[in-house]
Structure formats: structure tokens, C-alpha cells
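Colleague: sequence and predicted structure below; questions after.
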Amino acid sequence: MGDAVLLMFPALIVLIALGIPIAFSMVLVASVFGFIRFEEIVFRQFAQRVDEVASNYVLGAIPLFIFMGAILERAGIAERLFDAIYMWTRRLPGGLAIAALVMCTIFAAASGVVGATETLVGMLAIPAMLKRKYDNSLIAGTICAGGSLGTVIPPSIPVIVLAPIMTLPVGDLMAGILVPGLMMAAMFSLYIIVSATLKPSLAPRDTDPDPFTMGEKIRFTLKALVPPVVLIALVLGTLFSGLATPTEAAACGSAGVLFLALCYGKLSFKMVLDASLQTVSLTAMILAIVLAGVMFSGVLFASGGMMAIRGFLDSFGFGTAGVIALILIITFILGFAVELTSIVLIMTSISVPILKLYDVDLLWFSIVFLITLQTSYLTPPMAPSIFYLRAIAPPTMTLKQMYWGVIPFIICQLIVLALVITFPELATWMPKLIYG
């Protein structure tokens, strides 16, 4: 088949541009090119791929983490948590925005679902910030940037999907992305504090008398903060310590979040049913994309696609740095229009063999890849995070304000990306510390 296998990529792009769902586009391209090359035997290979994906133990964590996020969203846990955090940040410059970012970080660590984090925190924080006369651009940037942390703060669904493709332990990848993720949250918070200090009109301070005593603050915070923190420790602690696999850790988290909902008096059959239906819907979409990606990459590899790609890159004189830059640029552009899990499947299925040829550290590259993906998720004009925001924002918040609002946060992300590229230890020291 030779270099003709490279036509799989433009064919895939054309089908996606025509509005055909990602999974169906990948399966169609794989079927046509696979049949041309291998005839009917390709369909027997596809059947084996279905069995491989269905029996992949790690992917079993996906529906469990989605279920966790769905229950957290419906149980009222987030609202109590936001109130508790704001008790302690209300006197800071941009205190409400800082509380929203902290809330996003905690919720991302508890659920791993990107859109749910931004939507839930936005619905809680936007009315409060508007009431305090916060600048619309700052509100938009805070909610979009905070929601994007769900891409990198573990347990993240993209991380769970990425790890098996990169042939990396999920625990290593989650530990590696944790430090850059927290660095981004800290950079976002620092920007808000500095900008609100230099220009107080962006985020007027709360000057009302503190209605709570120190004892009341501590008691309310313990009631609101300790349960979700224990849940996060249960999931990430058992995972990082090696006591549980990702699927077992996710199962512990799902049981824990049901117990929390029961303690808060929110557990009901309807809530569990709604959460289960949402879980089934999202899981079916994600696993369909995973299966399609496996089929697509299988035909590409078996048809000699890797050698064709290597020859193409060599003809342009790309070295290791050039290959990495090219992959990251394509990833960034795809992030404008393609769903996150799809990008992970499309890009990494293609990239892993190439990166191995160039002897690239796959753990370090995976962290850089995820940060790039998160930055694309936030970047105009096609930023998915802005589309989530538009669904919950009031009419007074314009698209122009949203675009301007995310730019400082994108700069913060690019700084973190540059630091991880320059100092790879930022991505690798935590896995080495935990796992040796």
C-alpha cells in the first residue's frame, strides 16, 4: 500500500468536517483502507479489537469516575464546599474568584470530568461574582481556566485513556501530571490576586463585616471540606500507594460518594438513576471513540504507516525536537474542534511508535501533551471551555469578554508548559518519588 496509507488522515479530516461523528469517521476510514489492503480478514481483526477494548481492565475506571462526578453534582456537596472555601478567601483580592479556582481544583480531583467541573462551579460562582460587581472578563477567564483543570488534575478521564496507549502505568501518569496541574492552579490564583490588587475595580473586595466567628468557620469548613477531601484521599491515596488499581480506586470513590450523599440526606433512587443514565451515555461515547481509535491505528500500523510517516518526517529534516513540536502543534489545532478523548486517541495512536523511534521519554511527553491539550481547550476562537461557559453565562456576558478574559490564563498555562519542557524533572520527579 506504501505511502497511500497516509491518505487515511485527510480522509478522516474530510469526514469529520462533513459532520460525521468522530467514532464513525474513524471506523469508516479504517474499514475502507483495511479492506483494500487486507480484504475480509480485516473484519476478523476488528472483532478481536472489540474484545481487547471490552476486556481492558483499566478502562473500567472510566464509568466509575463519571458516576462519581454525576453524584457529586447532584448531591449538593459542591455548594457547601464553595461556601466553606469562600469563608477563608473573602478578604483576599479577588476572593470569590480564588474560591472558584480552589473549588475547581478540588472538584476536578474528585470527579475527573472536565465539562462537569466548569458547569457546576460556574453555576455556583458566576451569580455571586456578578453580585459583587466583578469584571465580566475576569469572571469568564476564571471559570474557563478553572474548568480546564479537569484535563490535568488527576483522576482525569484523558489520563486514564492516555496511559494504556502510551504503555505507561496509570499511577505514574497521574503522579506526573499532578505537579504541573497544581502549578497551573497556583499561577491562575496569583494572576487574580495581582490583577485585583493593581486594579481593584476588576474584583471589588468584600467589605461586609464577617458574620462568622472563628469557631463557626472551623466547624462549617470541617463539615463541608473534610468529606470530599477524604474521598479524594481515598481515590488518589490508594492509587498512588499501590494498594488499588485505577478501577479499584474508582470503585472505592463511587462507593464513597454514595455514602456522602446518604450522609447529606440527598441520596434517592431518582438521583442514582439520573447519574447512572448520564454515566452510561458518556461511557458509551468515550469507549466508542477508544474502539474506533484502536481500529484506525491498527490498520495504519499493519499497512506500513509508521515507516511512511518516518520517511515523510525525514524528508523534511525533522529531528527529535522538530517531531515533538509538530505533534504538539497538530494537537493544539485539533483541540479547537475535536473532543478531548478523540484527540488523545487520534494523536497518541499515531505518535507513540514515532516517539519510540526517536527515543523520547513517553512519561515526560505525555505530561507535555496533556498541558498542550488543556491550553487548546482554553484558546479562542474555538475554545470548548468557552462553549461550556456560554451555556450557563447570563446575556450580559459577551463572547468578546470571554475571549479577552481567557488570554491571561492562557499565558499562565504557556509559562507552565515552557517550564515543564525546559525542566523535565517537574513531570518525572513525583512518579520517581512515589514508585522509585
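Modeller: Done, it's in.
Colleague: what stretches of the stretch 151-300 of the chain score poorly on pLDDT?
Modeller: Applying pLDDT under 70 to the stretch 151-300 of the chain flags the ranges 210, 242.
Colleague: okay, residue 112: pLDDT?
Modeller: For residue 112, the pLDDT comes out at 61.
Colleague: name the SS class of residue 359, please.
Modeller: With DSSP: H, G, I helix; E, B strand; the rest coil as the basis, residue 359 sits in coil.
Colleague: which residues touch the residue nearest to it when sequence neighbours are not counted?
Modeller: Of all residues not flanking residue 359 in the chain, residue 320 sits nearest, at 7.5 Å (C-beta to C-beta, 6 or more residues apart in numbering). Any C-beta I mention is one placed from the backbone N, CA and C, and that applies to glycine too. Residues in contact with residue 320 (C-beta atoms under 8 Å, 6 or more residues apart in numbering) are 358-360.
Colleague: quickly name whichever of these is closest to residue 229.
Modeller: residue 360 (36.2 Å; C-beta to C-beta).
Colleague: give me the three-state assignment for residue 395.
Modeller: coil.
Colleague: that one and residue 130, how far apart?
Modeller: Using C-beta to C-beta, to the nearest Å, residue 395 is found at 12 Å from residue 130.
Colleague: who has more neighbours out of these two?
Modeller: Between residue 395 and residue 130, counted using other C-beta atoms under 10 Å, residue 130 has the larger neighbour count: 16 against 5.
Colleague: tell me the contacts of the more buried one?
Modeller: By C-beta under 8 Å, 6+ apart, the neighbours of residue 130 are 139, 394, 396.
Colleague: ok, the last one touching residue 136?
Modeller: It refers to residue 396. Yes. Assessed by C-beta atoms under 8 Å, residue 396 is found in contact with residue 136 at 6.9 Å.
Colleague: who has more neighbours, those two?
Modeller: A direct count of neighbours by other C-beta under 10 Å for residue 396 and residue 136 places residue 136 higher, at 20 against 8.
Colleague: ok, the more buried one - contacts?
Modeller: 396-398, 401, 405.
Colleague: can you count the residues close to residue 226?
Modeller: Neighbours of residue 226 using other C-beta under 10 Å come to 11.
Colleague: any idea how far it is from residue 357?
Modeller: Counting by C-beta to C-beta, the gap from residue 226 to residue 357 is 49 Å.
Colleague: equivalent analysis for residue 100, please.
Modeller: 44 Å.
Colleague: residue 137 too?
Modeller: Using C-beta to C-beta, which is the criterion applied here, residue 137 is 45 Å from residue 357.
Colleague: who has more neighbours out of those two?
Modeller: Each of residue 137 and residue 357 had its neighbours counted (other C-beta under 10 Å), and the higher figure belongs to residue 137 (20 against 15).
Colleague: which residue sits closest to the more buried one, ignoring its sequence neighbours?
Modeller: Using C-beta to C-beta, 6+ apart, the closest residue to residue 137 is residue 405 (3.6 Å).
Colleague: and stretch 380-398, how far apart are its ends?
Modeller: Terminal residues of stretch 380-398 lie 14 Å apart, using C-alpha to C-alpha, to the nearest Å.
Colleague: then stretch 55-66?
Modeller: 19 Å.
Colleague: what of stretch 230-241?
Modeller: One end of stretch 230-241 sits 15 Å from the other (C-alpha to C-alpha).
Colleague: quick one, longest helix in the chain?
Modeller: In the chain, assigned by DSSP state H, the helix with the most residues is helix 269-302.
Colleague: and that helix, how far out from the chain's middle?
Modeller: 16 Å (C-alpha atoms, centre = their mean, to the nearest Å).
Colleague: same check, this time on stretch 10-21
Modeller: 24 Å.
Colleague: same deal with stretch 160-180?
Modeller: On the basis of C-alpha atoms, centre = their mean, stretch 160-180 sits 12 Å off its chain's mean C-alpha point.
Colleague: now that stretch: buried residues?
Modeller: Within stretch 160-180, the residues that count as buried by 16 or more other C-beta atoms under 10 Å are 160-166, 168-180.
Colleague: convert the helix or strand residue 121 falls within to PDB, retaining C-alpha atoms only.
Modeller: Taking DSSP states H and E as the criterion, residue 121 maps to helix 114-131. This file holds the C-alpha atoms of helix 114-131, laid out as PDB (Å, rounded to 0.1, in the frame of the first residue of the first chain):
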ATOM      1  CA  VAL A 114     -13.900  18.300  32.500                       C
ATOM      2  CA  GLY A 115     -17.300  19.700  31.500                       C
ATOM      3  CA  ALA A 116     -18.900  18.900  34.800                       C
ATOM      4  CA  THR A 117     -16.300  20.900  36.700                       C
ATOM      5  CA  GLU A 118     -16.700  24.000  34.700                       C
ATOM      6  CA  THR A 119     -20.500  23.800  34.500                       C
ATOM      7  CA  LEU A 120     -21.100  23.100  38.200                       C
ATOM      8  CA  VAL A 121     -18.600  25.700  39.600                       C
ATOM      9  CA  GLY A 122     -19.800  28.300  37.100                       C
ATOM     10  CA  MET A 123     -23.400  28.000  38.200                       C
ATOM     11  CA  LEU A 124     -22.300  28.500  41.800                       C
ATOM     12  CA  ALA A 125     -19.700  31.200  41.300                       C
ATOM     13  CA  ILE A 126     -21.000  33.400  38.400                       C
ATOM     14  CA  PRO A 127     -24.100  34.800  40.200                       C
ATOM     15  CA  ALA A 128     -22.000  35.500  43.300                       C
ATOM     16  CA  MET A 129     -19.300  37.300  41.400                       C
ATOM     17  CA  LEU A 130     -21.800  39.300  39.300                       C
ATOM     18  CA  LYS A 131     -23.500  40.400  42.600                       C
END
